[in-house]
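1. need coordinates for the below:
(chains A and B)
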Number of protein chains: 2
Amino acid sequence: MNFCSQCGKPTHYRVPDGDNRERHVCDHCDTIHYQNPRIIAGCIPTSGDRVLLCKRAIEPRRGYWTLPAGFLENGETILQGALRECHEEAGAQLNTPSLCGIYDIPHISQVYVFYQGPLSNDDFRAGDESLEVELFQEREVPWEALAFPVITLALEHYFADRQATSSGVRSATVSRRLR
Amino acid sequence: MNFCSQCGKPTHYRVPDGDNRERHVCDHCDTIHYQNPRIIAGCIPTSGDRVLLCKRAIEPRRGYWTLPAGFLENGETILQGALRECHEEAGAQLNTPSLCGIYDIPHISQVYVFYQGPLSNDDFRAGDESLEVELFQEREVPWEALAFPVITLALEHYFADRQATSSGVRSATVSRRLR
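-> Numbering: from 1, shown residues only, chains lettered A, B, ... in the order given. Modelled structure (predicted):
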């Protein structure tokens, strides 16, 4: 940030009065521009013992596999965002989605929240941001070609928890490449 | 947003190419300024059958009671943010905090995430943003003087779930005043 989005004058990066962190501050109109972590809403779509993955058609990590997920938009609930991404990226719809994981990635100021649920039907297809969409059993998952560490972790947790009688919500911090 | 924070030129509010939502767009440097929901990290500090509440010293809702909570900062995990707010607002520390609730408030583009845990000791005090800090049993909670609907909901869920053998994670959407 170089300029104040309110008044257009140059901003300064300093600790405002009464604060203890550096912020982008406008000394002309006194606006403090806070910057906060972003939420990525995602899905783990399932069909029997398989999960739906998308091969990314866009950077970063084009050609690598991911779960349907994307930035939460203003005015949405996390579930609405997760289902929207599932529809946009995989043309898929879920039945009875349930919250299953929340993952902090502090070094890039992101928080992923995943819902899991069975596909409503077999009607899925690659959206604009996907090259392919495919169902994988646990042993078929392209573990070495997953797009991001958080995707690896969410899938590991999903497969580990699938047997459990009560499905809890996982939470973890992702700080490095996992595999 | 009136001006581009990158180059200082006026922005326009329109749907960018390849998008389907209006954004603040700079036609001078081609920056698209995305705006996303913010996370509020909070705690439910407990001591036996009592919970710790703070009377707000700041607007909005000055003089009303709340749980320690505040905007998550870049570079923090949600748990770190929740514990920081608990320390800042109530001078309190928690043992073994566990994730207990995620609440969407889409009409103001906020997501609250709460951790619960017992106070480490009886050493708590009002921080700069609190007028008072006090422990309340369920029947003593000032239900009519709580600051925000999400606080009411989180406390209702906490007291309802306290008896349960396995403590799950609540998720809900807050769309209106609850009481």
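2. from now on I want contacts and neighbour counts done on CA atoms only, so please keep to that.
-> Fine.
3. what about residue A:49, distance to residue A:67?
-> When CA to CA, to the nearest Å is applied, the distance between residue A:49 and residue A:67 equals 16 Å.
4. could you do residue A:61 as well?
-> Between residue A:61 and residue A:67 the computed distance is 13 Å (CA to CA).
5. next one: residue A:18
-> On the measure of CA to CA, residue A:18 and residue A:67 end up 42 Å apart.
6. these two: which has the busier surroundings?
-> The residue with more neighbours, out of residue A:18 and residue A:67 and counting by other CA atoms under 10 Å in any protein chain shown, is residue A:67; that gives 29 against 7.
7. residues from chain A in reach of chain B?
-> Within chain A, the positions adjacent to chain B are A:1-10, A:35-39, A:71-78, A:99, A:104-109, A:168-169, A:171, A:173 by CA under 8 Å from any CA of the partner chain.
8. what's in contact with stretch A:115-124?
-> With CA atoms under 8 Å, 6 or more residues apart in numbering or on different chains as the test, stretch A:115-124 has contacts from A:42-48, A:79, A:82, A:90-101, A:133.
9. hang on, residue A:155 in a helix?
-> Yes: assessed by DSSP: H, G, I helix; E, B strand; the rest coil, residue A:155 belongs to a helix.
10. just want the most central residue of chain A.
-> With distances taken as CA atoms, centre = their mean, the residue of chain A nearest its centroid is residue A:40 (3.2 Å).
11. wait, isn't that one in contact with residue A:113?
-> Yes: using CA atoms under 8 Å, residue A:40 makes contact with residue A:113 at a distance of 6.3 Å.
12. and residue A:39, how many neighbours does it have?
-> Here the neighbour count serves as a burial measure; for residue A:39 (other CA under 10 Å) it reads 25.
13. next, the angle strand B:38-47 makes with the host helix or strand of it.
-> When elements are assigned from DSSP states H and E, residue A:39 belongs to strand A:38-47. Our comparison of strand A:38-47 with strand B:38-47, counting by axes from the mean of the first three to the mean of the last three CA atoms, to 10 degrees, yields an angle of 80 degrees.
14. next one: phi and psi at residue A:65?
-> Main-chain dihedrals, residue A:65, degrees, to the nearest 10: phi -90, psi 140.
15. that one pairs with what?
-> In this structure, residue A:65 has beta-bridge partners residue A:55, residue A:146, where bridges are defined by DSSP bridges.
16. need the contact list for the most far-flung residue of chain A relative to its centre.
-> Here chain A reaches farthest from its C-alpha mean at residue A:28, the gap being 36.7 Å by CA atoms, centre = their mean. The neighbours of residue A:28, taking CA under 8 Å, 6+ apart as the test, are A:7, A:9.
17. buried ones in stretch A:49-63, by neighbour count?
-> Of the residues in stretch A:49-63, A:50-57, A:63 count as buried by neighbour count, 16 or more other CA atoms under 10 Å in any protein chain shown.
18. and which of the residues you listed is nearest to chain B?
-> Relative to chain B, the closest of the buried residues of stretch A:49-63 is residue A:57; by CA to the nearest CA it sits at 14.2 Å.
19. quick check: that closest one vs residue A:129, distance?
-> 5 Å.
20. now swap in residue A:79 and tell me
-> Summarising the geometry, the distance separating residue A:79 from residue A:129, computed by CA to CA, is 20 Å.
21. appreciated, that's everything.
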